[in-house]
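> No sequence on hand, only this structure:
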């Protein structure tokens with residue numbers, strides 16, 4: 001009920017000594033409440049009808065100076081980070097815990113979207129900017145709005161459509177992505193992710209997509225988890241090789257990596273279709289969004305430091321939960337296909353030597 005309307009009804013009731021039941025019906029309350037309002041009117045007048053919370057900020061309100069500091073920090077230093085990631089940075093650096101929804105509302109007011117904003121959100125902002133551009137007469141403002149619209153058109157985002165395997169270790173999707181992980185340098189990040197639970201099981205930086213990089217990822221998998229059932233990868237000569245002049249080569253012609261997997265009982269399946277291994281492609285996109293910010297935030301300047309940081313980064317509980325499935329697969333049987341093993345990896349004249357002794361009866365070999 002409007003405060004002014006309530007005040008006028010009670011004032012008229014007191015001045016004319018009117019009917020309390022009729023006033024109670026109009027205000028939608030009891031006669032007892034009408035009596036309390038009459039007392040409040042006689043003691044405080046119109047002031048007594050003003051709500052006590054008027055003009056007061058909620059207890060959860062972020063102070064204006066801190067809000068402006070956070071907005072400025074995002075726009076100037078972390079504009080390539082998504083909102084959830086930036087909220088984690090704010091909590092660790094400033095000690096202020098804010099939700100991604102709150103940050104989203106602040107940024108919407110500044111016409112700033114997350115790098116991971118969906119097409120519908122971008123379309124709504126573009127419509128808003130075009131309306132503002134039509135309403136303004138300033139050529140400078142119009143040019144600024146045009147630049148913002150061009151930036152929105154250049155951005156792209158893809159929804160996540162994972163394919164779920166039943167058992168942990170049943171299929172490991174593996175890939176490498178080249179990116180400017182630090183300013184001025186392009187590295188290749190070799191990553192592996194379990195298709196069943198979305199857990200990142202291995203990651204390694206190298207200057208090119210190399211056999212060494214995939215061996216390092218395989219080493220991390222064997223040491224930390226065990227022997228998986230299958231790798232699902234791109235079609236690369238690292239994984240399979242067929243000579244053009246001899247298309248009828250025997251099926252047991254292996255590359256170094258495939259021979260290692262063969263002796264460990266790991267199947268290798270390759271594909272040239274990115275959508276077939278969507279989980280690792282989505283992981284690459286997420287890491288390209290988050291890792292450059294984290295590397296810059298940790299003052300990483302070379303690839304050796306980056307690999308040390310990467311080892312702890314993928315084991316972080318917050319990071320791991322980003323890629324894990326939101327709804328657990330009720331049919332997933334933990335450790336069903338991981339066969340525990342003891343592995344030693346050495347490099348001699350750039351040729352990898354793996355000495356694997358596995359608990360599985362099928363695996364007991366030494367190979368180059």
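Thanks, I have it. Model, not experiment: these values are computed from the prediction.
> hey, where'd the strands end up in the chain?
172-182, 185-194, 200-206, 230-234, 267-271, 341-348, 351-358, 364-367 (DSSP state E).
> Lowest average confidence across the ones you listed, which one?
Ranked on mean pLDDT, the bottom entry among the strands of the chain is strand 364-367, at a mean of 32.
> in the stretch 51-200 of the chain, which spans are helices?
Taking DSSP state H, counting those that start in this stretch as the criterion, the stretch 51-200 of the chain carries its helices at 64-77, 83-93, 100-109, 119-135, 139-154.
> So which of those helices is the most surrounded?
Each of the helices of the stretch 51-200 of the chain was scored by mean neighbour count; the highest is helix 83-93, a mean of 18, by mean count of other C-beta atoms under 10 Å. The way it works is simple: take the backbone N, C-alpha and C, and place the C-beta from them, glycine included.
> helices or strands next to that helix in the packing?
With contacts taken as 3 or more C-beta pairs under 8 Å, 6 or more residues apart in numbering; DSSP states H and E, helix 83-93 sits against helix 64-77, helix 100-109, helix 278-297.
> Which among these is found nearest to residue 52?
Relative to residue 52, the nearest member of those by C-beta to C-beta is helix 64-77, separated by 22.6 Å.
> Centre of the chain to the closest one, how far?
Relative to the mean C-alpha coordinate of its chain, helix 64-77 is positioned 21 Å out (C-alpha atoms, centre = their mean, to the nearest Å).
> which helices and strands sit right next to that helix?
helix 83-93, helix 100-109.
> so which of the ones you listed comes closest to residue 71?
Between residue 71 and the helices and strands packed on helix 64-77, the tightest spacing by C-beta to C-beta is seen for helix 100-109, at 5.7 Å.
> Which neighbouring elements make contact with that closest one?
Helix 100-109 sits against helix 64-77, helix 83-93, with contacts defined as 3+ C-beta pairs under 8 Å, 6+ apart.
> quick check: mean pLDDT across stretch 90-99?
Per-residue pLDDT over stretch 90-99 has a mean of 87.
> any idea how far residue 75 is from residue 113?
12 Å (C-beta to C-beta, to the nearest Å).
> ok so, going back, any chance of the helices and strands packed on helix 83-93 in CSV, plus distance to residue 200?
Conversion of the helices and strands packed on helix 83-93 to CSV gives the following (distance: least, C-beta to C-beta, whole Å):
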stretch, distance to residue 200
helix 64-77, 26
helix 100-109, 21
helix 278-297, 7
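> Of the ones you listed, give the one that comes closest to residue 313.
Residue 313 lies closest, by C-beta to C-beta, to one member of these: helix 278-297, at 6.6 Å.
> now the angle between helix 83-93 and the closest one, please.
If you take axes from the mean of the first three to the mean of the last three C-alpha atoms, to 10 degrees, helix 278-297 sits at 30 degrees to helix 83-93.
> distance between helix 278-297 and the chain's centre?
When C-alpha coordinates are averaged (C-alpha atoms, centre = their mean), helix 278-297 and its chain have centres 8 Å apart.
> do stretch 128-135 as well
31 Å.
> And stretch 91-98, by the same measure?
That offset, for stretch 91-98, works out to 18 Å (C-alpha atoms, centre = their mean).
> check contacts around residue 46.
Going by C-beta atoms under 8 Å, 6 or more residues apart in numbering, residue 46 touches residue 7.
> before we move on, what about the one 5 residues further on?
Residue 51 is in contact with residue 3, counting by C-beta under 8 Å, 6+ apart.
> quick one: it and residue 4, what's the gap?
Counting by C-beta to C-beta - residue 51 and residue 4 are separated by 12 Å.
> go on, residue 197?
Counting by C-beta to C-beta - residue 197 and residue 4 are separated by 59 Å.
> Read off the pLDDT value for residue 217.
pLDDT, residue 217: 91.
> Over to residue 207?
91.
> For it, give me its contacts.
Neighbour list for residue 207: 187, 188, 303 [criterion: C-beta under 8 Å, 6+ apart].
> Looking at these, state which has the most neighbours.
residue 187 (20 neighbours; other C-beta atoms under 10 Å).
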